[in-house]
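Colleague: Predicted model and sequence follow; I will ask about them next.
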2 protein chains.
Amino acid sequence: MSRLAARQNFVTDARNVSHADPCVSDLVIHHMPGHFIRRLQQVAVRLFVARVGLDMTPVQFAALAAAAQRPRIDQARLSALIGYDRATIGGVIGRLESRGWLARSASSVDRRVKLVRITPAGRKALSRALPAVSALQETLMESLDAAERKRFERLCLKILAHHLG
Amino acid sequence: MSRLAARQNFVTDARNVSHADPCVSDLVIHHMPGHFIRRLQQVAVRLFVARVGLDMTPVQFAALAAAAQRPRIDQARLSALIGYDRATIGGVIGRLESRGWLARSASSVDRRVKLVRITPAGRKALSRALPAVSALQETLMESLDAAERKRFERLCLKILAHHLG
DNA sequence: TCCATATTGAATGTATGCATACGAAATAGT
DNA sequence: ACTATTTCGTATGCATACATTCAATATGGA
């Protein structure tokens, strides 16, 4: 039987296995790339919260960094740039605006567009967070040596290029 | 100047770069492992929605699969097994219970515990979803050859083992 | 010019995801 | 036996994440 077929039958098979030996800890999902990708993301977010604190979320950092590097960018372009949904980023920017870290202004060229810019306070918050975020990336990869990190990055980018490119 | 120090100064440096050349598309976050891990997770979820449909979410699938392989598991063990927060899984199981795919019953041994079991309808839903989810994993990795997939998996697991213990 | 189409930001609704806190219940230590 | 601690499920609050819908506005083509 093929591996795929075996997986597809796990519902009936696994029940027997489970009854015979309840201590088997090997779930189907544990063999799936999707599972450990999600776990990686989970680890990264936890690390972010631990290092940067609850003062700023990962998305907020991304939005802030993007606004800092792209003065007068509109929301749609900003969301595309950092890879988030337009609807999500509206709320994110709203919260950042409430905290005085970003400001929105209507475009004089296109009246649908709202231009986003970072405030001095936002720039200050970003400066405070950036060292922690940079160090965090190092920690995230610390179990890999230089060659492995490069390999991991290349593989990630290859997968992403295939699905996003 | 070290690479880290260079990054830490991007806020002031990048502003000048940005003013000098607004067309630079290279954001700081694009070099961070945390960023493309999040993008990978995003791609995986999109693929899940595209293949399995809005009928079931990734967490719901994981919970359903875990309940199928572990009859009479309690919520805390189930959440630990699939790597989710206890509070989150409460809601997930609640929704699955509403749809008649899972059932909860009080434990006779420990009165705090609620035992979760999959229903025949849930087993049927799982059987329907599993082929799609398995095939999805293949699609997710399709840009990598066999050796690269193995390498990618090993690197992911190495990082996870380091951070999750 | 007029109109079909596309785009922008917002609103809505559903489902995570997790920190925090809480009551109920079990357990460990004395 | 008594108590301090832990654990379980739940509730609350906040912040994503995204599909869908909508009004306002731009834009391209006839």
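Modeller: Yep, that arrived.
Colleague: How about the residues of chain A by DNA strand C?
Modeller: A:38, A:42, A:45-46, A:49, A:54, A:74-77, A:86-87, A:90, A:93-94, A:104, A:110, A:112-114 (C-beta under 7 Å from any atom of the strand). No exception for glycine: its C-beta is placed from N, CA and C like everyone else's.
Colleague: and with 6 Å instead?
Modeller: By C-beta under 6 Å from any atom of the strand, the residues of chain A that approach DNA strand C are A:42, A:46, A:49, A:74, A:75, A:76, A:86, A:87, A:90, A:112, A:113, A:114.
Colleague: farthest-separated two in these?
Modeller: A:46 and A:112 (38.2 Å; C-beta to C-beta).
Colleague: Show me which of the two is the more surrounded one.
Modeller: Per other C-beta atoms under 10 Å in any protein chain shown, whichever of residue A:46 and residue A:112 has more neighbours is residue A:46, with 12 against 8.
Colleague: Tell me the helices and strands packed up against whichever helix or strand residue A:93 is part of.
Modeller: In this assignment (DSSP states H and E), residue A:93 forms part of helix A:86-98. Applying 3 or more C-beta pairs under 8 Å, 6 or more residues apart in numbering or on different chains; DSSP states H and E, we find helix A:86-98 packed against helix A:58-69, helix A:75-82, strand A:102-106.
Colleague: how about the helices in chain A?
Modeller: A:3-8, A:10-20, A:33-52, A:58-69, A:75-82, A:86-98, A:120-140, A:146-164 (DSSP state H).
Colleague: out of those helices, deepest packed?
Modeller: Among the helices of chain A, helix A:58-69 has the highest mean neighbour count (mean count of other C-beta atoms under 10 Å in any protein chain shown), at a mean of 24.
Colleague: thinking again about what came up before, which one of the residues of chain A next to DNA strand C is nearest chain B?
Modeller: residue A:42 (6.7 Å; C-beta to the nearest C-beta).
Colleague: thinking that closest one is in contact with residue B:85, fair?
Modeller: No: using C-beta atoms under 8 Å as the test, residue A:42 is too far from residue B:85 to be in contact (9.5 Å).
Colleague: Can you list the low-confidence ranges for chain A?
Modeller: A:1-25, A:54 (pLDDT under 70).
Colleague: interface residues of it facing DNA strand D?
Modeller: Of all the residues in chain A, those lying near DNA strand D are A:57, A:59-60, A:84-85, A:87-88, A:91-92, A:95, A:110-112, going by C-beta under 6 Å from any atom of the strand.
Colleague: so how far is residue A:64 from residue A:114?
Modeller: Residue A:114 is 16 Å from residue A:64, where distance means C-beta to C-beta, to the nearest Å.
Colleague: With residue A:85 instead?
Modeller: According to C-beta to C-beta, residue A:85 and residue A:64 sit 18 Å apart.
Colleague: Repeat that for residue A:99.
Modeller: Counting by C-beta to C-beta, the gap from residue A:99 to residue A:64 is 10 Å.
Colleague: do the same with residue A:108
Modeller: Using C-beta to C-beta, we find residue A:108 at a distance of 24 Å from residue A:64.
Colleague: Quick check, residue A:52 in contact with residue A:132.
Modeller: Yes: Residue A:52 lies in contact with residue A:132 (C-beta under 8 Å); the separation is 4.8 Å.
Colleague: show me the contacts for the residue nearest to residue A:126 when sequence neighbours are not counted.
Modeller: Spatial nearest neighbour of residue A:126, excluding adjacent residues (C-beta to C-beta, 6 or more residues apart in numbering or on different chains): residue A:64 at 4.9 Å. Contacts for residue A:64 (C-beta atoms under 8 Å, 6 or more residues apart in numbering or on different chains) come out as A:56, A:96, A:101, A:102, A:118, A:122, A:125, A:126, A:129.
Colleague: Excluding residues flanking it in the chain, which one is nearest the first one?
Modeller: Distance criterion C-beta to C-beta, 6+ apart; nearest residue to residue A:56, sequence neighbours excluded, is residue A:129 at 5.5 Å.
Colleague: so who does that neighbour touch?
Modeller: With C-beta under 8 Å, 6+ apart, residue A:129 has these contacts: A:52, A:55, A:56, A:61, A:64.
Colleague: now with 7 Å?
Modeller: Contact analysis of residue A:129 by C-beta atoms under 7 Å, 6 or more residues apart in numbering or on different chains lists A:52, A:56, A:61.
Colleague: before we move on, what about residue A:45?
Modeller: With contact taken as C-beta under 7 Å, 6+ apart, residue A:45 is in contact with residue A:58.
Colleague: ok, now how distant is it from residue A:35?
Modeller: According to C-beta to C-beta, residue A:45 stands 16 Å off from residue A:35.
Colleague: Residue A:81 too?
Modeller: Distance of residue A:81 to residue A:35, computed by C-beta to C-beta: 29 Å.
Colleague: Perfect, I'm done here.
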